[in-house]
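In: Please work out how this folds:
(chains A and B)
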Number of protein chains: 2
Amino acid sequence: MYSLLSVKNGICASDGFFAGAKSANLRGNGKDDVAFIYSDIMCDTAFVFTTNKMEAAPIKHTKNKGEFQTNFVLMNAKNANAMTGKKGIEDIDSLLSQLQIKFPQINTPIMSSTGVIGVELPKEKILEAANQFDLTQKNSTDAAKAIMTTDSYHKEIAFKVILEDGSFFHIGAIAKGAGMINPAMATMLCFITTDANIDKSDMEELLKKHVENTFNAISVDGDTSTNDTVILLSNKKSGVYQKDAFSDALYRVMEHLSLEMVRDGEGAKKLVGFEVKGAKNDEEAQKAAKKLSDSLLVKTAIFGEDPNWGRIASTIGASGVESDESLLSIAYDDVVVYDKGKNLFTLEIENKAAKIMQQDSFNVICDLGIGNGYFKSYGCDLGYDYVKINADYRT
Amino acid sequence: MYSLLSVKNGICASDGFFAGAKSANLRGNGKDDVAFIYSDIMCDTAFVFTTNKMEAAPIKHTKNKGEFQTNFVLMNAKNANAMTGKKGIEDIDSLLSQLQIKFPQINTPIMSSTGVIGVELPKEKILEAANQFDLTQKNSTDAAKAIMTTDSYHKEIAFKVILEDGSFFHIGAIAKGAGMINPAMATMLCFITTDANIDKSDMEELLKKHVENTFNAISVDGDTSTNDTVILLSNKKSGVYQKDAFSDALYRVMEHLSLEMVRDGEGAKKLVGFEVKGAKNDEEAQKAAKKLSDSLLVKTAIFGEDPNWGRIASTIGASGVESDESLLSIAYDDVVVYDKGKNLFTLEIENKAAKIMQQDSFNVICDLGIGNGYFKSYGCDLGYDYVKINADYRT
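Out: Residues are numbered from 1 along each chain as shown, chains lettered A, B, ... in the order given. Model (predicted):
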């Protein structure tokens, strides 16, 4: 038994963690674009990085460290430091070394970047701003805002996890990414802190496990950015830990932030769950569910609020998973429109389904009728605003 | 030695082939929507069908015949006869049998459909229109127009292939599909006729071979419709055949029609070739090239005429093929913007690249610098009109 209490302060809810932001004027409007996370005790680390072969310099820089502890993460927006070669990695090393002169308490710092690809890191500007950090601040929200790119709002969450004996620990996180529609460009970054007394192997096990059904369930078009990163930092300061409770809290943090990214999908108005059940196995369910949330035709039908179940069926067929039109059923929430080979559309059913699609959020439920495989992915509509944002993003 | 002479009359250019169209008023505007191809001699057949697991009734109906000869293809628009179960196949059988009462010269007819999924075939309406066919007509263009759905123009082509000794044969074709952006919905159909004295094994070999670099090179989002079909019919009437000449002519026919589909991509304004060379092998080149033509980010950058090469690099990395930023080069036509780890962007180079992107047609050339693998795919931009067409398609 344990309880999760929603609390404020994001990454700073965890004891011993500090955060804040400054402007290096990379945005050209004076808004914060450089941020930090600092812990007054060294932290164990667990990571999930992009599978993109062109991984950005900050990812290479972190991976090169192998196993390590840290107490500091430097973050910036507007520049991904990707496709910048060896120079990109050297820039990080030199920037972090110079920052350690000003802040000697920083130990084995790492960096995380998001923004435009192929432009050299403006390290002098970033250093000048970072030198003004106040490491005693607990401004999680400022840090969350500083790393936004095409996000329309900042994303943070925290829980106090109370065990049966009254002891407790915290977990908190910030994230950026309006990346639902295109994680490929709008990099997703997520930083999670905890003061739970968790060991490194549990950190790695649970982070990897929950990524599958959260951030990986929204990787809509199969693309992944050069910079995608999820970092979990634990400083053990509470001395308290219970695996089930931590796992549950971590899952809720990651689920919340991943759904926030979908909701904030570039130009998106609707959050749609694609639930595939009855597949041959979970892998096939995942394949079909992701194909549904990736499909341009499904996305535009959602934008048009058109219960065009033929596109759903065709997309499942195109995904290549074992499926048969005589076993398949399709529903919008609780309105079944196609049932094992039978088209149930009447004017009444069609109107009911269309009404469901007019909501901000609903589920498309597909039962393949073959086995017990299950996966739920999340998608959104694709409308004019998506085109506008992405046609104009860089310039 | 042989020469290809471009001729008129599409599928009717081949000797002994007839075509025409009528209206079953499926479109609701009196325009033709039912068409036929008839040959006065029985034809050998070769097919390439969709890999979609939810294959439509006309495809199942044709496949059920196994090896067969035919002299008649019935076509309709506005209804895909997909997700219609056994009833869909029975409808075709009954429709074609009734049509044979009116036209006893029809032998082993087949059917091909395109349109909305999940709606029963309006077979009485189609039969009534088909009963008015004039099998002595050579109206290839009418047939090409009758099968259009979201196409903005009809697509046909024909060659007279003249061998060194002056003997000759013909090859002609019609196709439909504004399917570049979404072959998933806007089914692609292609009907090819020839009077060449080609045997069945060459027909099958050459059709499969050329599909790879033509229709399959434009299957942009990896989706395939429930109805995609390419049919080659040969009645051998010329008595003439030469494999190289036929192969070349067939390739040109298929290349032309596939590029016409891209040009006519729903709402698309630009035809872009994605040339990937220097990949580990041809398969990896194909994987990267298709990922580029599928990518929403690349498509919207093309729409925005923004030479954002970072998106190109990131998409190659996301495709999972062997690649390295220090070996990769990227060019827009002859303007190299990134060369083996070096960003070549100056204001001048950027302007040159942007100018190239303002054209109706250009190439993005990526050299991975690893092996000799090569593939060229074709894509187009994704703009507001695509959203409009696909949000409103069914209703």
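In: Okay, domains of chain A per the record?
Out: What automatic domain parsing lists as the domains of chain A is A:2-263, A:271-392.
In: Straight-line length of the longest one, end to end?
Out: From the first residue to the last, domain A:2-263 extends over 29 Å; the measure is C-alpha to C-alpha, to the nearest Å.
In: one step back: let me have the domains of chain A in a markdown table, adding mean pLDDT, mean neighbour count and distance to B:Gly20 as columns.
Out: Every residue, glycine included, has its C-beta placed from N, CA and C. Listed next are these as a markdown table, based on pLDDT from 0 to 100; neighbours: other C-beta atoms under 10 Å in any protein chain shown; distance: least, C-beta to C-beta, whole Å:
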| stretch | mean pLDDT | mean neighbour count | distance to B:Gly20 |
| --- | --- | --- | --- |
| domain A:2-263 | 92 | 21 | 43 |
| domain A:271-392 | 90 | 21 | 29 |
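In: how about the ones you listed in a markdown table, adding distance to chain B?
Out: As requested, these are exported to a markdown table (distance: least, C-beta to the nearest C-beta, whole Å):
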| stretch | distance to chain B |
| --- | --- |
| domain A:2-263 | 3 |
| domain A:271-392 | 3 |
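In: would you turn the ones you listed into TSV with distance to B:Ser319?
Out: Converted to TSV, those look like this (distance: least, C-beta to C-beta, whole Å):
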stretch	distance to B:Ser319
domain A:2-263	8
domain A:271-392	14
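In: Sketch out the helices for the stretch 201-350 of chain A, chain order is fine.
Out: A:243-263, A:282-294, A:296-303, A:309-318, A:347-357 (DSSP state H, counting those that start in this stretch).
In: With the stretch 1-150 of chain A instead?
Out: With DSSP H, counting those that start in this stretch as the criterion, the stretch 1-150 of chain A has helices spanning A:57-64, A:85-102, A:123-130, A:140-146.
In: rewinding a little: looking at the helices of the stretch 201-350 of chain A, spot the one closest to A:Phe72.
Out: Closest approach to A:Phe72 among the helices of the stretch 201-350 of chain A is made by helix A:243-263 (21.3 Å; C-beta to C-beta).
In: That closest one - contacts with which helices or strands?
Out: Contact partners of helix A:243-263 among helices and strands, from 3 or more C-beta pairs under 8 Å, 6 or more residues apart in numbering or on different chains; DSSP states H and E: strand A:2-6, strand A:155-163, strand A:168-176, strand A:189-194, helix A:200-213, strand A:271-279, strand A:373-380.
In: So what are the sheet partners of the fourth one and their directions?
Out: It stands for strand A:189-194. Strand A:189-194 has its sheet partners listed here by DSSP bridges as strand A:168-176 (antiparallel), strand A:229-234 (parallel).
In: right, and A:Tyr38 touches A:Asn139 too?
Out: No. Contact between A:Tyr38 and A:Asn139 fails when scored by C-beta atoms under 8 Å: they sit 11.3 Å apart.
In: What strand or helix carries A:Cys366?
Out: strand A:361-367 (DSSP states H and E).
In: Identify all contacting residues around that strand.
Out: A:270-278, A:288, A:292, A:312, A:316, A:328-333, A:356 (C-beta atoms under 8 Å, 6 or more residues apart in numbering or on different chains).
In: Can you say which of the helices of the stretch 201-350 of chain A is nearest to B:Thr51?
Out: Here helix A:309-318 is closest among the helices of the stretch 201-350 of chain A (C-beta to C-beta), at 7.9 Å.
In: Could you export that closest one as PDB, CA atoms only?
Out: Output in PDB follows, covering the C-alpha atoms of helix A:309-318 (Å, rounded to 0.1, in the frame of the first residue of the first chain):
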ATOM      1  CA  TRP A 309     -13.900   3.300 -40.700                       C
ATOM      2  CA  GLY A 310     -12.700   2.100 -44.100                       C
ATOM      3  CA  ARG A 311      -9.500   4.000 -43.600                       C
ATOM      4  CA  ILE A 312      -9.000   2.400 -40.200                       C
ATOM      5  CA  ALA A 313      -9.500  -1.100 -41.700                       C
ATOM      6  CA  SER A 314      -7.300  -0.300 -44.700                       C
ATOM      7  CA  THR A 315      -4.500   1.000 -42.400                       C
ATOM      8  CA  ILE A 316      -4.600  -2.200 -40.300                       C
ATOM      9  CA  GLY A 317      -4.400  -4.200 -43.500                       C
ATOM     10  CA  ALA A 318      -1.500  -2.100 -44.700                       C
END
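In: So what's the gap between it and the chain middle?
Out: 27 Å (C-alpha atoms, centre = their mean, to the nearest Å).
In: which strands and helices sit next to that helix?
Out: So helix A:309-318, by 3+ C-beta pairs under 8 Å, 6+ apart, packs with helix A:282-294, helix A:296-303, strand A:329-332, strand A:335-339, strand A:361-367.
In: where's the closest residue to A:Lys138 other than its chain neighbours relative to A:Ala196, distance?
Out: Take A:Lys138 and drop its neighbours on the chain: the residue closest to it by C-beta to C-beta, 6 or more residues apart in numbering or on different chains is A:Cys12, 3.8 Å away. Remark: distance between A:Cys12 and A:Ala196 (C-beta to C-beta, to the nearest Å) = 15 Å.
In: now A:Ala245
Out: Applying C-beta to C-beta to A:Ala245 and A:Ala196 gives a distance of 9 Å.
In: Same question for A:Glu205.
Out: 14 Å.
In: One more: A:Met357?
Out: For A:Met357 relative to A:Ala196 (C-beta to C-beta), the value is 41 Å.
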